[in-house]
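J.: could you look at this predicted model? Sequence included:
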Amino acid sequence: MLARKQWRSLALLAQSVSGHDPTSIFAPAGTPAHSIFGLSMLVLGITGAIFLVVAGLLLYVLLRYRATGTESAQEPAQIYGSNQIELSWTVIPVLIVVILFLAAARVIFSTELARKPAAALDVTVIGHQFWWEYRYPTLGIVTANELHIPVSDPSHPTPTYLTMSSADTDHSFWVPRLAGKTDLIPNKVNTMWIDPEAAGLYLGQCAQYCGAQHAKMLIRVYADSPQQFAAWVAQQQKPAAEDSRVAEGGSIFQHNACISCHAVAGTVATGRFGPDLTHVASRDTIASGSVPNTAANMRAWIDNPAHFKPGALMPEMHLNDRDLDAVTAYLMTLK
């Protein structure tokens, strides 16, 4: 119940930032999303017209030929075959299918074959059970779960190109307001691009069932202004903060199994099975967007990840209260 309330508050916060339902395809905020929205409206219009015609004819027949109690017992004249009807219910559906096929093909090809601008940002996305790893190869940044990208100015497009793969099972990257779904498959590389037209927070979801915590493998995309993005990059490129007041927590972290899974730049922690924690305190959430990033939640997560995310692959650390407080204090300084 607590986690549900926290997620609801995060969703409402995102909605207030974006001004729209943060996961609605009917509020597109990027070129691919606008193309998908247009196609969706076409499909909705055609299928809606079909529904109205069929429902109208059915309603007409029900009313026109309803039982009145005065019907003759004699069977009415039967009609066997009609070239006009046969032609109609063959040609019209074929035309509808052709129109939908051409419209869908146009959207697919216009998105897939779009020319990549020189100013585009490259990000490598790796899906894990049950979190997202983001690598910025040209910027030397590795982070997790919260993707920061610049807003794309139509006069000088700066889209973000995502190179995607999976470290374990199948996943699917879907941020409805920015683009369609793209699968992340082991030993295969897929690509997609997004170009948010307005700054704000865009929420998404892993759209391919990938295990027990698939529902909490959430996506948070922060579209930053050029100045905000430059400031974020500068912060992320700094080494992990050193604070003598939490040296004990850093020592405990580095002498436990934490370093087998997590990395903290500038320390002996170089694990890659779990999220990079170099700047973990700068993130708004933990547990792949499931829980607000507060000291209390961080402590509870370290103590027992299953409290927030049953089925999470991170084990309980079994630290005593003193060590748990010290490690929590250390991680909350990593900004």
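T.: Arrived safely.

J.: okay, CA-based contacts and neighbour counts for the rest of this
T.: Will do.

J.: give me the low-pLDDT residue ranges for the stretch 1-150 of the chain?
T.: 1-20, 71 (pLDDT under 70).

J.: mind listing what S88 touches?
T.: Neighbour list for S88: empty [criterion: C-alpha atoms under 8 Å, 6 or more residues apart in numbering].

J.: I149 against P226, yeah?
T.: No - when contacts are counted by C-alpha atoms under 8 Å, I149 is not listed as touching P226 (9.1 Å).

J.: of these two, who's got more company?
T.: I149 (27 against 15; other C-alpha atoms under 10 Å).

J.: in what helix or strand does that one lie?
T.: Following DSSP states H and E, one finds I149 within strand 146-150.

J.: how about P93?
T.: Using DSSP H and E, the element containing P93 is helix 83-112.

J.: in its sheet, what does whatever helix or strand comes next after that helix sit against?
T.: Note on helix 83-112: by DSSP H and E, the next helix or strand toward the C-terminus is strand 121-128. Using DSSP bridges, the strands paired with strand 121-128 are strand 131-136 (antiparallel), strand 160-166 (parallel).

J.: show residues contacting the longest one.
T.: I take that to be strand 160-166. Against strand 160-166 from outside (C-alpha under 8 Å, 6+ apart): 120-128, 149-150, 183-195.

J.: how about the helix or strand following it: buried residues?
T.: Sequence order places strand 171-174 as the next helix or strand after strand 160-166, per DSSP H and E. Under the neighbour-count criterion of 16 or more other C-alpha atoms under 10 Å, strand 171-174 has 171-174 buried.

J.: which residues are contacting the helix or strand just after strand 171-174?
T.: For strand 171-174, the following helix or strand on the C-terminal side (DSSP H and E) is strand 182-184. By C-alpha under 8 Å, 6+ apart, the residues outside strand 182-184 that reach it are 126-127, 164-166, 170-174, 190-192, 208.

J.: now with 7 Å?
T.: Strand 182-184 has contacts (C-alpha atoms under 7 Å, 6 or more residues apart in numbering) with 127, 164-166, 170-174, 190.

J.: go on, stretch 302-310?
T.: 3, 213, 312, 314, 316-318.

J.: isn't Q208 up against S172?
T.: Yes - assessed by C-alpha atoms under 7 Å, Q208 is found in contact with S172 at 5.0 Å.

J.: give me the buried positions along the helix or strand containing M41.
T.: M41 belongs to helix 31-64 when assigned by DSSP H and E. Neighbour-count burial for helix 31-64, counted by 16+ other C-alpha under 10 Å, picks out 31-37, 39, 42-43.

J.: so which of the contacts of strand 182-184 is the closest to K116?
T.: Proximity of the contacts of strand 182-184 to K116 was ranked by C-alpha to C-alpha; the top entry is N190 with 15.3 Å.

J.: which residues does the nearest residue to A119 once chain neighbours are set aside contact?
T.: The shortest distance from A119 to any non-neighbouring residue, by C-alpha to C-alpha, 6 or more residues apart in numbering, is to T158 (5.4 Å). Shown in contact with T158 (C-alpha under 7 Å, 6+ apart): 119-121, 152, 195.

J.: go with 8 Å
T.: Here T158 is in contact with 117, 119-121, 150-152, 195 (criterion: C-alpha under 8 Å, 6+ apart).

J.: what domains does the record give for this protein?
T.: The record's domain split for the chain, according to automatic domain parsing, is 1-59+115-233, 244-331.

J.: need the ones you listed in CSV with distance to Q84, can you?
T.: CSV is the format used below for the domains of the chain (distance: least, C-alpha to C-alpha, whole Å):
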stretch, distance to Q84
domain 1-59+115-233, 17
domain 244-331, 58
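
J.: and those domains: which comes nearest Y65?
T.: domain 1-59+115-233 (10.0 Å).

J.: roughly how far out does that closest one sit from the chain middle?
T.: Here the centre of domain 1-59+115-233 is set off from its chain's centre by 5 Å, with C-alpha atoms, centre = their mean, to the nearest Å.

J.: again, but for stretch 114-133
T.: How far stretch 114-133 lies from its chain's middle: 12 Å, per C-alpha atoms, centre = their mean.

J.: circling back to that earlier point, buried subset of the contacts of T158, written for PyMOL?
T.: Buried subset of the contacts of T158, written as a PyMOL selection, criterion 16+ other C-alpha under 10 Å:
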select buried, resi 120+121+150+151+152+195
